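Colleague: Structure for the following, please:
(chains A, B and C)
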Amino acid sequence: MPELMLDGRSLRVAEGTSVAAALALGSDGCSRTSVSGQRRAPLCGMGICQECRVTIDGRRRLACQTLCRDGMQVETRT
Amino acid sequence: MSEGLIADVIVIGAGIIGAACAQALARRGLRVLVVDAGIPGATAAGMGHLLVLDDNPAELALSQYSLQRWREHGPDLPDGCAYRSNGTLWLAANAEEMTVAHSKYLNLQAQGVACELISRRALREREPELREGLEGGLLINGDGILYAPATANWMLDTTNIQQLRARVSEVDGNRVRLDDGRWLSAEAVILANGVQANELCPELPIEPKKGHLLITDRYPAKVTHTLVELGYVTSAHNASGPSTACNIQPRPTGQLFIGASRQFGTTDPQVEGWMLAKMLKRAIEYMPGLAQLNGIRAWTGFRAASPDGLPLVGQHPKRKGLWLAVGHEGLGVTTAPGTADLLVAQLFNETSPLAAHPYLPQRFLGEPVYA
Amino acid sequence: MSEYADVLIIGAGPAGMAAALAAAPGGARIVMLDDNPAPGGQIWRDGPQANLPTLARDLRDQLQRCDNIRVHSGARVIACAGPKQLLVEDADRGWLIAYDKLILCTGARELLLPFPGWTLPGVTGAGGLQALIKGGLPVQGERVVIAGSGPLLLASAATAKHKGARVLRTAEQASTAAVAGFAAQLPRWPNKLLQSFTLFDRHYRTGTHVLAALGTERLEGVRLQQQGKIVELECDRLACGFGLIPNTQIGQALGCDLDGHALAVDTWQATRRVDHYAAGECTGFGGSELALVEGAIAGYAAVDDRQAAQALFSRRARWQGFANALNQAFALGPQLKSLAQPDTLLCRCEDVPYAALAGHADWREAKLASRCGMGACQGRVCGGALQHLFGWQPSVPRPPFSPARIETLLCLDDNPPV
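Modeller: Residues are numbered from 1 along each chain as shown, chains lettered A, B, ... in the order given. Reported below is the predicted structural model:
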């Protein structure tokens, strides 16, 4: 069961869980802040809408198409 | 307005040059009709960089004057124009380029352009994203950036300006023929349609100069000034083959705008992978961290270049009633206010705010044939 | 780094998998690219809360056992690098793949239309919710409203219920007559009949569409127009999608033609471009059975096994009939074009409101004036909506075909072509 850091807090999830799901399991489900300051959460679930953009280990990636890995650092506010 | 005239002035082209001319004339009480074919040009594609360039005195005079006018306009521009006065920081990669920076500094200071030399250490402090080992730079404080399409739209949204979406197929002095066959007349016609100018006036020495651009996703802002390599002055701006130069602009959105490239001899708007790669490679040499950022869009545009790098602003010496405001290359947005003021002064026979001579079309087209 | 494929397949959903397995027996070197963590596409998405049918598992196992099939998961096509060469990227690196034949199996995405509140956390697509649940999204005890159009609503509701959600309502915009007419035809396809009867339930309403998502920081309820009445329901999730639109961007960038909104193919699943084929939802919506047979035909055609391809033509025709019936039944009504208010955001990437878009002549003009479509989704969401709302054709895509790391773009050769 991988353990990852989500916005500084640690979270353990089942193997094969997507980072998008982890956002809801460990926090309020939100992935990013929009241009006008609204919090957003994954919308399409299939890598199209780009709402689930998060920073994973320093790189901008899509949470819905990324599986959680042990030691992953996920940030939703950068 | 005389009978049979559709307007006092017809402006062909609703890009930043046409828009600026139209606004200036409209504010003087003239009725202006701006005709545009709806083909996005350099205003749509460009970086919206406002910069003073001193390759030669005429270029410096026009860009300096225009920048001053932009700084005056700045507070009037709506938020969508994203005007910022964030300065240009010219980067010196080695001692040789730092010497160039020094002489630019002296020249600009002498002309009253606010600027400062930046040491190696000061550069690291001001722009920590730049790689180690750069020699230093020259900061031109009054330079800025804006979003040109919105700015052109704002200019066109002025009393006395009417817009028409139509293609002009022929110009005959002070009258134009549209694609639908109609002839429209005015007291004067101003040609301001960039790389399309040759279609109406084949005698114009305008060449399209293709450029590529890439923009990144939004990231927390880490870059302050528009960063341009001094090599730009030596390489991209003056050589004749395809070339690239580092040009990194921080958008107010948190995106980084990356350029710059140029190629002659093509009108193909396709993004060319090899040129994109070459341009990005150059940019990464100055800012290694770019490699990890996501690029979300790439596109191309065509600058209307003239043989001496200066625009053609003034009466067409062979076609009475036709005025020219073309050939601005990469300084269209910068010199739009200056171009407009030059033309207005000539149209109204007033004292020009700056010497008009270096930009007069007769330097290419020959002396005037009419009084 | 450079790779070579005799047959390069883009997309590892049903169509892609079928294509690969059809092309494999002759020993061709087959490479598959898929942007999800594992093959299966949308319908057979794997995850801790997924229930893969036996067929899906079998196909995945077969794929894995085949020595001459290589699957790159988590990979996307970024640019054309040459006449038959693509630049691709995954989480770690970018690289070039050269190929002899290409089969596009890029599938479809949901049509997401704007309505007030649609940007609130808690609102997803209908297929979107199903995908997120399969990936582990917890919905136990949550009150869910499913809305929009199409059989996907039923599948989504079933997945949600199976994982402990309370589905309060499934709101189908199509009329009772249209849906009933479609249901009456289901006996023609026995497997589908079985599937559907387990999916309809007492909370399913036809002639019903969403008016607004309610809430301030996140979703708290929905307002529906239910057969003429206004109904408000408190809920935790709204999963709303209006059918599927084909993903044609890479196909168009490669020079393929469109037939309506989908990639145009002939009877051999071949596109206008020589050696380039397409199969599955990207050639038109039709469900997994149709995608499987189209994929197999494309796979056989790509390795010049015309006999095997031809043997599948009648099966394809049968499933095409099902697709046609679906499309007719679930056609979208005009009321869905008036859901957005002037201040409803239409472009979610750049936060551009609907009011900023009205009155422009076309997509390009609107984009320039408002910055709509200039964001990370590259116009896939807003462009899909605007095509439905105003009939605006999206432009042919330029590289990068997906946001890509700048270091990936450096893999392109920086020498001018001779």
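Colleague: and for the longest helix seen in chain C, what are the contacting residues?
Modeller: Longest helix in chain C by number of residues (criterion: DSSP state H): helix C:313-329. Helix C:313-329 has contacts (Cβ atoms under 8 Å, 6 or more residues apart in numbering or on different chains) with C:150-151, C:174, C:178-179, C:181-182, C:185, C:188-189, C:192, C:267, C:284-287, C:289-290, C:293-294, C:297. In short, each C-beta sits where N, CA and C put it, glycine included.
Colleague: Restricted to helices, list those residues.
Modeller: Using DSSP H, these in helices are C:178-179, C:181-182, C:185, C:192, C:289-290, C:293-294, C:297.
Colleague: Which residues belonging to the helix or strand following the longest helix of chain C are considered buried?
Modeller: Per DSSP states H and E, the first helix or strand lying C-terminal to helix C:313-329 is strand C:345-347. For strand C:345-347, a neighbour-count test (16 or more other Cβ atoms under 10 Å in any protein chain shown) marks C:345-347 as buried.
Colleague: How about stretch C:251-268?
Modeller: C:251-254, C:256, C:261-265.
Colleague: buried subset of the contacts of helix C:313-329?
Modeller: Buried members of the contacts of helix C:313-329, scored by 16+ other Cβ under 10 Å, are C:150-151, C:174, C:178-179, C:182, C:185, C:189, C:192, C:284-287, C:289-290, C:293-294, C:297.
Colleague: and of the buried residues of strand C:345-347, the nearest to chain A?
Modeller: Checking the buried residues of strand C:345-347 against chain A with Cβ to the nearest Cβ, the nearest one is C:Leu345 at 8.3 Å.
Colleague: and the residue lying closest to B:Asn160 once chain neighbours are set aside, how many neighbours?
Modeller: Spatially, and ignoring its direct neighbours in sequence, B:Asn160 is nearest to B:Ala26 (3.8 Å; Cβ to Cβ, 6 or more residues apart in numbering or on different chains). Per other Cβ atoms under 10 Å in any protein chain shown, the neighbour tally for B:Ala26 reads 22.
Colleague: Touching, B:Ala26 and B:Val34? I think so.
Modeller: No. If you go by Cβ atoms under 8 Å, B:Ala26 and B:Val34 don't touch, sitting 9.5 Å apart.
Colleague: which neighbours do the two share?
Modeller: With Cβ under 8 Å, 6+ apart as the test, B:Ala26 and B:Val34 both reach B:Ile161.
Colleague: Give me every residue in chain A lying close to chain B.
Modeller: Contact residues, chain A versus chain B (Cβ under 8 Å from any Cβ of the partner chain): A:35, A:53, A:58-60, A:78.
Colleague: For residue 72, which non-adjacent residue is closest in space?
Modeller: Going with chain A. Leaving aside its sequence neighbours, A:Met72 is closest to A:Leu4 (4.0 Å, by Cβ to Cβ, 6+ apart).
Colleague: ah, I was thinking of chain C
Modeller: C:Leu33 (5.2 Å).
Colleague: Ok, C:Gly299 next?
Modeller: C:Ala22 (2.9 Å).
Colleague: what's whichever strand or helix holds that neighbour packed up against?
Modeller: Taking DSSP H and E as the criterion, C:Ala22 maps to helix C:14-23. Applying 3 or more Cβ pairs under 8 Å, 6 or more residues apart in numbering or on different chains; DSSP states H and E, we find helix C:14-23 packed against strand C:2-10, strand C:30-34, helix C:54-65, strand C:94-104, helix C:288-302.
Colleague: quick one: low-confidence ranges for chain A?
Modeller: Of all residues in chain A, none has pLDDT under 70.
Colleague: Number of residues surrounding the closest residue to B:Gly41 other than its chain neighbours?
Modeller: Excluding the flanking residues, the one nearest B:Gly41 by Cβ to Cβ, 6+ apart is B:Gly194, at 4.5 Å. Number of residues near B:Gly194 (other Cβ under 10 Å) recorded here: 28.
Colleague: so what pLDDT did B:Gly194 get?
Modeller: According to the prediction, B:Gly194 has pLDDT 96.
Colleague: what residues are up against it?
Modeller: Contacts of B:Gly194 by Cβ under 8 Å, 6+ apart are B:13, B:15, B:17, B:41-43, B:302, B:304, B:326, B:328, B:332.
Colleague: where's it relative to B:His328, distance?
Modeller: In this view, B:Gly194 and B:His328 are 8 Å apart by Cβ to Cβ, to the nearest Å.
Colleague: Also C:Pro417?
Modeller: 30 Å.
Colleague: same thing with C:Gly384?
Modeller: On the measure of Cβ to Cβ, C:Gly384 and B:His328 end up 38 Å apart.
Colleague: between those two, which one's more packed in?
Modeller: B:His328 (29 against 21).
Colleague: count of residues packed around the closest residue to B:Leu156 other than its chain neighbours?
Modeller: The shortest distance from B:Leu156 to any non-neighbouring residue, by Cβ to Cβ, 6+ apart, is to B:Ala19 (5.0 Å). The local packing of B:Ala19 (other Cβ under 10 Å) involves 30 other residues.
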